[in-house]
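A.B. asks: A structural model of the following input is requested.
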Amino acid sequence: MIEPRVASGLRDLAPSLMIPRERILESFRRTFGGFGYLPIETPHIERMDVLTGKGAGSDEVIRQIFEVTNKGGTPGELALRFDLTVPFARFIARHVDELGVPFKRYAIGSVFRGERPAKGRFREFVQCDFDIIGTESVVADAEVAQVIHDALDAAQVRQFVILLNHRKILDGLLQSLDLGDRETTVLRLLDKLSKIGRERVLEELQRPIQEGGAGASPSQSQRVLEFAETGRGGVDVLREAEALLSSSAHAGQGIANLRTVLDLLASAGVSEERITIDLGLARGLDYYTGIVFETVIPGWESYGSVASGGRYDDLASLFTTRRLPGVGASIGLDRLMALMDEAGWIEASTTTAPVLVVNFPGTDPVIPFRLAARLRKAGVGAEIFPEPIQVGKQMGYGSTRGHLLAVIVGPDEVEREVFNLRNLVTRQEDKGLSWSVLEDSVQSALEIMEHEH
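C.D. replies: Presented below is the predicted three-dimensional model:
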């Protein structure tokens, strides 16, 4: 007999987690659609050369790719996608003429990475991506930050903070320190600052290039870290950066971009408490060229970022000579839900229908079947208990599953064409209600319970 267990880093999800998960996904789809993003889907399996092309992903991510080889196939030809951004770049390069630009898309689906499982980290996880392709507008940059804000707000995530930085500011810093030719390595190390600590990053910055380090001098390394640790804040942090990098036109462009983004978000009513400039934010992926985002939950930083992204003006060049600048972000659903579950922010439920229609012993099942159908047509979820067992046991089932109301029709009620409506939370019961008011009575009771909750 085979032991019914899943592989390391993978999970089964029971209804108690899937139901709130579906609610969160529904709120994300509603938010993305409200901004004009259109749904697309790309295959879970991509060609290896698509996923590993220059600039597609960091060496660390590429090392975690799951290869896929069918029987008789060619090893190294196919792989499971490790994110949704690179497949989107391939998608838009192929379909841009029929879709036109600017094009706004969202995609929600599983991605796969062979990394070591840890808190909030899995080998299969769902990303919720949204992107605008075909524009370099700062309005698009600000909108992505606003979508992150509105999506997490709609999902009832508490006290999140969206961190912003701009790659051009970091470019200007590294150029001023004569480290511009080692930018990729330095930024990857900066991205690990919160994970491995200051001393380790300092050590790696000074490690020789041939040994995988940045080959920076002690003074260069200290300057990089001092700048990254300038602090978090609003326009005041940008003023400090401007003073430190006043001679860099490149950095000046990044600072101006972030100032405009802050102004646009403020005009949209996004609270200053939810947006913070972080000059140490680098994002480790090679393809970012402009603004970058990460989102953390104060007090739960051990989970890392729950939503991140940035501008990638050259990514589509892997697949087309046409320039297709873009900006986007991804919400990590599984990490977010693991955090919310541990924080006690998820209200567990094991039912998708608020009403249980009792299968009363001695009552023709046609009656509860018909009444349940009427409720569903009125937009109210209703489940019929399959067996005509003792009513008390059916009530226990409803309470355990999380049903809110029970519709009860015994033989006596059939004769009078009435029903009893029981509140499964308070156990109060309204008796002798006419079948003609079934929908109105149930909907009113649910509205009252929702208001009380």
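A.B. asks: residues of stretch 417-435 that come out buried?
C.D. replies: For stretch 417-435, a neighbour-count test (16 or more other CB atoms under 10 Å) marks 418-422, 424, 433, 435 as buried. Glycine gets a C-beta too; all of them are placed from N, C-alpha and C.
A.B. asks: brain fart, stretch 181-190
C.D. replies: 182-183, 185-190.
A.B. asks: for it, list the C-alpha coordinates in PDB.
C.D. replies: C-alpha atoms of stretch 181-190 as PDB (Å, rounded to 0.1, in the frame of the first residue of the first chain):
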ATOM      1  CA  ASP A 181      30.500  47.300 -14.200                       C
ATOM      2  CA  ARG A 182      29.600  45.100 -11.200                       C
ATOM      3  CA  GLU A 183      26.000  46.300 -10.700                       C
ATOM      4  CA  THR A 184      24.300  42.900 -11.200                       C
ATOM      5  CA  THR A 185      26.400  41.300  -8.400                       C
ATOM      6  CA  VAL A 186      26.200  44.200  -6.000                       C
ATOM      7  CA  LEU A 187      22.400  44.500  -6.300                       C
ATOM      8  CA  ARG A 188      21.900  40.800  -5.800                       C
ATOM      9  CA  LEU A 189      23.900  41.000  -2.600                       C
ATOM     10  CA  LEU A 190      22.000  44.100  -1.400                       C
END
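A.B. asks: mind listing the helices for the stretch 201-350 of the chain?
C.D. replies: Along the stretch 201-350 of the chain, the stretches classed as helices by DSSP state H, counting those that start in this stretch are 218-228, 235-244, 249-267, 333-343.
A.B. asks: helix, strand or coil: sort out residue 188 for me.
C.D. replies: With DSSP: H, G, I helix; E, B strand; the rest coil as the basis, residue 188 sits in helix.
A.B. asks: please tell me how far it sits from residue 369.
C.D. replies: 62 Å (CB to CB, to the nearest Å).
A.B. asks: likewise for residue 118?
C.D. replies: Distance from residue 118 to residue 369, by CB to CB: 49 Å.
A.B. asks: now swap in residue 21 and tell me
C.D. replies: Residue 21 sits 30 Å away from residue 369, going by CB to CB.
A.B. asks: neighbour count for these two, which is higher?
C.D. replies: residue 21 (18 against 12; other CB atoms under 10 Å).
A.B. asks: quick one: low-confidence parts of this structure?
C.D. replies: 54-60, 119-120, 284-286, 348, 453 (pLDDT under 70).
A.B. asks: domain parsing for it?
C.D. replies: Per the record, the chain has its domains at 15-343, 355-452, by automatic domain parsing.
A.B. asks: hang on, the earlier thing: in TSV, list the buried residues of stretch 181-190 along with distance to residue 51.
C.D. replies: Shown next, in TSV, are these (distance: CB to CB, whole Å):
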residue	distance to residue 51
182	25
183	23
185	21
186	25
187	21
188	18
189	24
190	24
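A.B. asks: which phi and psi does the residue nearest to residue 423 when sequence neighbours are not counted have?
C.D. replies: Nearest residue to residue 423 in three dimensions, chain neighbours excluded: residue 405, at 6.3 Å (CB to CB, 6 or more residues apart in numbering). When quoted as degrees, to the nearest 10, the phi and psi of residue 405 stand at phi -130, psi 150.
A.B. asks: before we move on, what SS does residue 194 have?
C.D. replies: Assignment for residue 194 (three-state DSSP): helix.
A.B. asks: contacts only, for it.
C.D. replies: Each residue near residue 194 by CB atoms under 8 Å, 6 or more residues apart in numbering is listed here: 301, 304.
A.B. asks: can you rerun that using 10 Å?
C.D. replies: Applying CB atoms under 10 Å, 6 or more residues apart in numbering to residue 194 gives the contacts 201, 280-281, 294, 296, 301-302, 304-305.
A.B. asks: now those residues: which count as buried?
C.D. replies: 201, 280-281, 294, 296, 304-305.
A.B. asks: looking at those, spot the one nearest residue 104.
C.D. replies: residue 294 (21.7 Å; CB to CB).
A.B. asks: okay, which residue is most central for the protein?
C.D. replies: By CA atoms, centre = their mean, the mean C-alpha position of the chain lies nearest to residue 331, the distance being 2.1 Å.
A.B. asks: adding distance to residue 7, write the domains of the chain out as CSV.
C.D. replies: Converted to CSV, the domains of the chain look like this (distance: least, CB to CB, whole Å):
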stretch, distance to residue 7
domain 15-343, 8
domain 355-452, 30
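A.B. asks: quick one on the thing from earlier: tell me how many other residues crowd the residue nearest to residue 423.
C.D. replies: 23.
A.B. asks: for residue 366, same thing?
C.D. replies: 8.
A.B. asks: what ranges do the helices span in the stretch 1-150 of the chain?
C.D. replies: Under DSSP H, counting those that start in this stretch, the stretch 1-150 of the chain gives helices at 15-34, 48-52, 59-63, 85-99, 138-154.
A.B. asks: pick the most buried one from these.
C.D. replies: Of all these, helix 138-154 has the most neighbours on average by mean count of other CB atoms under 10 Å, namely a mean of 22.
A.B. asks: which residues does the residue lying closest to residue 439 once chain neighbours are set aside contact?
C.D. replies: Of all residues not flanking residue 439 in the chain, residue 378 sits nearest, at 4.2 Å (CB to CB, 6+ apart). Contacts for residue 378 were tallied using CB under 10 Å, 6+ apart; they are 438-440, 442-443.
A.B. asks: put the buried members of those into a PyMOL selection.
C.D. replies: PyMOL command restricting the contacts of residue 378 to the buried ones, with burial defined by 16+ other CB under 10 Å:
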select buried, resi 438+439+442
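A.B. asks: can you map out the strands along the stretch 251-400 of the chain?
C.D. replies: 275-278, 291-296, 307-311, 326-332, 355-357, 382-384 (DSSP state E, counting those that start in this stretch).
A.B. asks: what would the ones you listed look like in CSV with distance to residue 99?
C.D. replies: Listed next are those as CSV, based on distance: least, CB to CB, whole Å:
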stretch, distance to residue 99
strand 275-278, 31
strand 291-296, 24
strand 307-311, 20
strand 326-332, 13
strand 355-357, 43
strand 382-384, 41
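A.B. asks: of those, which approaches residue 68 most closely?
C.D. replies: Between the strands of the stretch 251-400 of the chain, strand 326-332 lies closest to residue 68; by CB to CB that is 22.2 Å.
A.B. asks: tell me the helices and strands packed up against that closest one.
C.D. replies: helix 15-34, helix 85-99, strand 103-112, strand 124-133, helix 138-154, strand 291-296, strand 307-311 (3 or more CB pairs under 10 Å, 6 or more residues apart in numbering; DSSP states H and E).
A.B. asks: can you tell me which of the buried residues of stretch 181-190 comes closest to residue 6?
C.D. replies: Using CB to CB, these come closest to residue 6 at residue 188, 31.7 Å.
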